[in-house]
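Visitor: Sequence and predicted structure, then a few things I'm wondering about:
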Amino acid sequence: MNVHFIAIGGSVMHQLALALHKKGYRVTGSDDEIFEPARGNLQQAGILPAEMGWFPEKITADLDAVILGMHAKGDNPELLRAKELQLKIYSFPEYIYQESIGKTRVVVGGSHGKTTTTAMIMHVLNQSGKDFDYLVGARLEGFEQSVRITDAPILIAEGDEYPASVIEKRPKFHFLFPQIAIITGIAWDHINVFPTFEIYLEQFVIYINKIEQGGLLIYNESDPVLKELVEKNARTDIRYQPYSIPQHTIENGQTTVTIDAQTTPLAVFGDHNLLNLHAAWYACEELGVDAAAFTAAIASFTGAAKRLELMAKSAGTAVYRDFAHAPSKVKATIDAVKQQYPERTLIAVLELHTYSSLNEQFMEQYNGAMEKADKAVVYYSNHALELKRLPPLDAARIIAGFGKPDLQVMNNKDVLMKWLAEQQYQNSNLLLMSSGNYDGADMLTFAKNIVG
């Protein structure tokens, strides 16, 4: 197989390129810029483009597939050449489906918890000795890459609702056709793509209708929006498995869960992680893993990168970072830390970084999201607003949107770091939530310093 990647340097695209290279395919690619770690990974594999830019001459009639990354524009010269030659052009998810037609496909969809639920399933299957392919949106302990494509009989895939490519505007998870589908919950996001909640909801209806006949839908029945959507759009040719928070206890900062009469302590915590775990259990059960094997494996699951990831800790202090940025994710993450350590002061910092989160019209969606934080900061950079071509944000509007009168709003990195340095961290937890990097602030060093 000869495969060419247009925009090979993307975080997931380059991982697919590496996976196909390992499978023995001839892989080529182009991009106008490639950053680390993609650059080093591609170079080590010997498939880093010799020079940056777009080269239509790379698009030849002998290519079996052209895979188009999100970074590529509609007028990309390589894309135009591929269309001229009438080559097969795939978005990332369309190509994944082509490689998994004969496999059992497990797809994890939902507005939140996708990465962690996918990671839990992968961890349990790996511990159970099962052979499987996967794609997941984070670095996971025990897995060399975030994409694996082989001849394994199973595919575990994180299903994103974001558009597949510049020429294929439908969501990625519409192209994977699962036999086992999961929906973790629904909360409006990506308002630049789905301008109304109704349009956003419709994407999940379509996803349900993409489940293979005879397949299984595992869904979070504790989410009233999702529960109503599933009931209104019920199919008679698939099976349904609702789930909620499983039986558990929390003592001295330790969560213990019981699944089908099997009990185990966990390395992760929070209601959202318990929900993710319950969904993962039903998927693993469908794949032939029993409760004893599942609980034995899940006990050692420490989480995906930047999902309530412990950065530093001491006897009375812990610092966590999380990818949370959407309202439901922020609330779930804050609630989890407060529930696990109710006696500690919770200092929470949220960076607004996405198009939705930086949009003043979306701000009211955050109402109550930071309520359980004892001290709360919302940070954003003017540079992020400029990149997304959004107008300046009014601090009063942010405070009103969050519904938290004592909320601190900052848009200067130095002011943020000074405020953080002035806080008292004894018998406290610091929670850093962002899909960005706080304008380059060294939060890891700061975290290590405050725990001594």
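Guide: On my side now, so go ahead.
Visitor: tell me what the longest helix along the chain is packed against?
Guide: Ranked by number of residues, the top helix in the chain under DSSP state H is helix 271-286. Counting contacts by 3 or more C-beta pairs under 8 Å, 6 or more residues apart in numbering; DSSP states H and E, helix 271-286 packs against strand 104-109, helix 114-127, strand 180-183, strand 216-220, strand 239-243, strand 254-259, helix 291-298, helix 327-340. For the C-beta atoms, the positions are set from N, CA and C on the backbone; glycine is no exception.
Visitor: Now that we have the ones you listed, can you turn them into TSV and tack on mean pLDDT and mean neighbour count?
Guide: Converted to TSV, the helices and strands packed on helix 271-286 look like this (pLDDT from 0 to 100; neighbours: other C-beta atoms under 10 Å):
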stretch	mean pLDDT	mean neighbour count
strand 104-109	98	27
helix 114-127	96	26
strand 180-183	98	26
strand 216-220	98	24
strand 239-243	98	16
strand 254-259	96	18
helix 291-298	98	19
helix 327-340	92	22
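Visitor: Residue 148 is nearest to which of these?
Guide: Nearest to residue 148 among the helices and strands packed on helix 271-286 is helix 114-127; the distance by C-beta to C-beta comes to 9.4 Å.
Visitor: same for that closest one, what does it pack against?
Guide: Using 3+ C-beta pairs under 8 Å, 6+ apart, helix 114-127 sits against strand 104-109, strand 154-158, helix 271-286, helix 291-298.
Visitor: Output the below-cut-off pLDDT ranges for the protein.
Guide: Applying pLDDT under 70 to the chain picks out no residues at all.
Visitor: let's see it at 80
Guide: The model of the chain has pLDDT under 80 over residues 139, 164-167, 189-192, 305-306, 452.
Visitor: middle-most residue in it, spatially?
Guide: Centrality entry for the chain: nearest residue to the mean C-alpha point is residue 115, 4.3 Å, by C-alpha atoms, centre = their mean.
Visitor: List the contacts of the residue lying closest to residue 384 once chain neighbours are set aside.
Guide: Of all residues not flanking residue 384 in the chain, residue 353 sits nearest, at 5.7 Å (C-beta to C-beta, 6 or more residues apart in numbering). Residue 353 is in contact with 325, 380, 384, 434, 435, 436, counting by C-beta atoms under 8 Å, 6 or more residues apart in numbering.
Visitor: Next, the contact list for the residue nearest to the centre of the chain, please.
Guide: Applying C-beta under 8 Å, 6+ apart, the residues near residue 115 are 136, 137, 138, 158, 304, 307, 323.
Visitor: Out of the residues you listed, the closest to residue 343 would be?
Guide: residue 307 (24.0 Å).
Visitor: The closest one sits in which helix or strand?
Guide: Using DSSP states H and E, residue 307 maps to neither a helix nor a strand.
Visitor: Could you report the neighbour count for residue 412?
Guide: Residue 412: 12 surrounding residues under other C-beta atoms under 10 Å.
Visitor: how far away is it from residue 441?
Guide: 11 Å (C-beta to C-beta, to the nearest Å).
Visitor: And for residue 64?
Guide: 45 Å.
Visitor: Pick out whichever of those two has more residues nearby.
Guide: Shown here are residue 64 and residue 441; by other C-beta under 10 Å, residue 441 has more neighbours (18 against 12).
Visitor: Who are the contact partners of that one?
Guide: Contacts of residue 441 (C-beta under 8 Å, 6+ apart): 413, 416, 417.
Visitor: And for residue 149?
Guide: Applying C-beta under 8 Å, 6+ apart, the residues near residue 149 are 16, 19, 20, 23, 96, 99, 133.
Visitor: and those residues, which are buried?
Guide: 16, 19, 20, 96, 99, 133 (16 or more other C-beta atoms under 10 Å).
Visitor: With distance to residue 247 and secondary structure as new columns, can those residues be given to me in a markdown table?
Guide: Listed next are these as a markdown table, based on distance: C-beta to C-beta, whole Å; DSSP: H, G, I helix; E, B strand; the rest coil:
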| residue | distance to residue 247 | secondary structure |
| --- | --- | --- |
| 16 | 39 | helix |
| 19 | 38 | helix |
| 20 | 43 | helix |
| 96 | 36 | helix |
| 99 | 39 | helix |
| 133 | 33 | strand |
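Visitor: Just put these in JSON lines and tack on distance to residue 36.
Guide: Listed next are the buried ones among the contacts of residue 149 as JSON lines, based on distance: C-beta to C-beta, whole Å:
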{"residue": "16", "distance to residue 36": "18"}
{"residue": "19", "distance to residue 36": "19"}
{"residue": "20", "distance to residue 36": "21"}
{"residue": "96", "distance to residue 36": "25"}
{"residue": "99", "distance to residue 36": "27"}
{"residue": "133", "distance to residue 36": "26"}
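Visitor: out of those residues, who's nearest residue 2?
Guide: For the buried ones among the contacts of residue 149, the minimum distance to residue 2 (C-beta to C-beta) is 10.3 Å, reached by residue 20.
Visitor: Verify the stated contact: the closest one with residue 3.
Guide: Yes: counting by C-beta atoms under 8 Å, residue 20 touches residue 3, with 5.7 Å between them.
Visitor: shared neighbours of these two, anything?
Guide: Joint contacts of residue 20 and residue 3 (C-beta under 8 Å, 6+ apart) are residue 27.
Visitor: quick one, what contacts residue 173?
Guide: 93, 107, 109, 159, 160, 161, 207, 210.
Visitor: how about a cut-off of 6 Å?
Guide: 109, 159, 161, 207 (C-beta atoms under 6 Å, 6 or more residues apart in numbering).
Visitor: ok, now residue 300?
Guide: Per C-beta under 6 Å, 6+ apart, neighbours of residue 300: none.
Visitor: let's see 7 Å
Guide: Shown in contact with residue 300 (C-beta atoms under 7 Å, 6 or more residues apart in numbering): residue 267.
Visitor: Could you do residue 354 as well?
Guide: Contacts of residue 354 (C-beta under 7 Å, 6+ apart): 325, 435.
Visitor: I'd say residue 121 and residue 279 touch.
Guide: No: in terms of C-beta atoms under 7 Å, residue 121 does not count as a neighbour of residue 279; the distance is 8.5 Å.
Visitor: and the nearest residue to residue 29 once chain neighbours are set aside, how many neighbours?
Guide: Using C-beta to C-beta, 6+ apart and skipping the chain neighbours, the partner closest in space to residue 29 is residue 8 (2.9 Å). Neighbourhood size, residue 8 [other C-beta under 10 Å]: 25.
Visitor: ok, the closest residue to residue 120 other than its chain neighbours to residue 259 distance?
Guide: Of all residues not flanking residue 120 in the chain, residue 280 sits nearest, at 3.8 Å (C-beta to C-beta, 6+ apart). The gap separating residue 280 from residue 259 is 10 Å, by C-beta to C-beta.
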